[in-house]
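Student: Below: sequence and its predicted model.
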Amino acid sequence: MAKVSKRRKAANAKVDSEKLYSIAEAISLVKEVSTTSFDSSVDVHVRLGVDPRKADQALRGTVVLPHGTGKSKKVLVFCTPDKEKEALDAGADYAGLDEYITKVQGGWTDIDVIIAMPNVMAKVGRLGRVLGPRGLMPNPKTGTVTVNVGDAVKEVKKGKIAFRVDKYGIIHSAVGRVSFTAAQLKDNAMELLTTLMKMKPSTAKGIYLKSVTVVPTMGPGVKIDPKELR
């Protein structure tokens, strides 16, 4: 059995695992109980009353966090030569086509988001085996397949994130860093939760928002009272 550090024990003692906190209380508490020495991520895990096996309940989408994620995202744009300057001027880290397709085929995936023009997707689609498992494949539903590559890059750089429900009906998403103010973290978390509430499938039965937990990279999770959010 792994030994629990004194720091983790002290953090665990601050959180009542049986209690459902208000979102304001939970956000303030999660900043206190992070046990890393670095500026760790703050994530939200949302368990939804959906059946991901049904196409209309396999939720996926995007949200622009008002205060960003606190992490600078590396963006690759697969585009035709006439769009490379637009992509790079908007803040893309890499832009091009064949050269980068070859790099990815060789195993290069040191990127966080890939945007592609519709007319190059036939070529990009061949990278599915590499990009698919890493969640990097461009998709029209998340706005990463578009002719407006400059706008798409700017949105990602401003704090646009993609999310999708896993096979257990849970959405996992970062909403900032421990160094963010409690107000910034709350704004970001509420933007995500409000978006999810609006996406409730008409076919979903019973309680939709089952549980919400906010958690640092290392430290105990803090449960939020879903009734406050419904």
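Tutor: Cool, got the structure.

Student: now for the helix ranked longest in the chain, which elements pack on it?
Tutor: Ranked by residue count and defined by DSSP state H, the top helix of the chain is helix 182-198. Where contact means 3 or more C-beta pairs under 8 Å, 6 or more residues apart in numbering; DSSP states H and E, helix 182-198 is packed against helix 23-33, strand 41-48, strand 60-64, strand 170-177, strand 209-216. Backbone N, C-alpha and C define where each C-beta goes, glycine included.

Student: got these as TSV, with distance to K83 columns?
Tutor: Output for the helices and strands packed on helix 182-198, formatted as TSV (distance: least, C-beta to C-beta, whole Å):
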stretch	distance to K83
helix 23-33	40
strand 41-48	32
strand 60-64	21
strand 170-177	29
strand 209-216	39
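
Student: okay, the ones you listed in a markdown table with distance to D16 and mean pLDDT next?
Tutor: Listed next are the helices and strands packed on helix 182-198 as a markdown table, based on distance: least, C-beta to C-beta, whole Å; pLDDT from 0 to 100:
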| stretch | distance to D16 | mean pLDDT |
| --- | --- | --- |
| helix 23-33 | 10 | 94 |
| strand 41-48 | 18 | 96 |
| strand 60-64 | 30 | 90 |
| strand 170-177 | 22 | 95 |
| strand 209-216 | 13 | 96 |
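
Student: K154: which of those is closest?
Tutor: Closest approach to K154 among those is made by strand 60-64 (10.3 Å; C-beta to C-beta).

Student: State the next helix or strand along the chain beyond that closest one.
Tutor: Downstream of strand 60-64, the next assigned helix or strand under DSSP states H and E is strand 75-78.

Student: partner strands of that next one, parallel or antiparallel?
Tutor: Strand pairing for strand 75-78, determined by DSSP bridges: strand 94-96 (parallel), strand 113-116 (parallel).

Student: Buried residues of stretch 16-30, list them for me.
Tutor: Judged by neighbour count using 16 or more other C-beta atoms under 10 Å, the buried positions of stretch 16-30 are L20, Y21, I23, A26, I27, L29, V30.

Student: now swap in stretch 85-103 and tell me
Tutor: Neighbour-count burial for stretch 85-103 [16+ other C-beta under 10 Å]: 86-88, 90, 92-97, 100-101, 103.

Student: In strands, which of these fall?
Tutor: Taking DSSP state E as the definition of strands, the buried residues of stretch 85-103 contribute Y94, A95, G96.

Student: which among those gets closest to G206?
Tutor: For these, the minimum distance to G206 (C-beta to C-beta) is 45.0 Å, reached by Y94.

Student: just checking, the closest one touches E84?
Tutor: No. In terms of C-beta atoms under 8 Å, Y94 does not count as a neighbour of E84; the distance is 9.6 Å.
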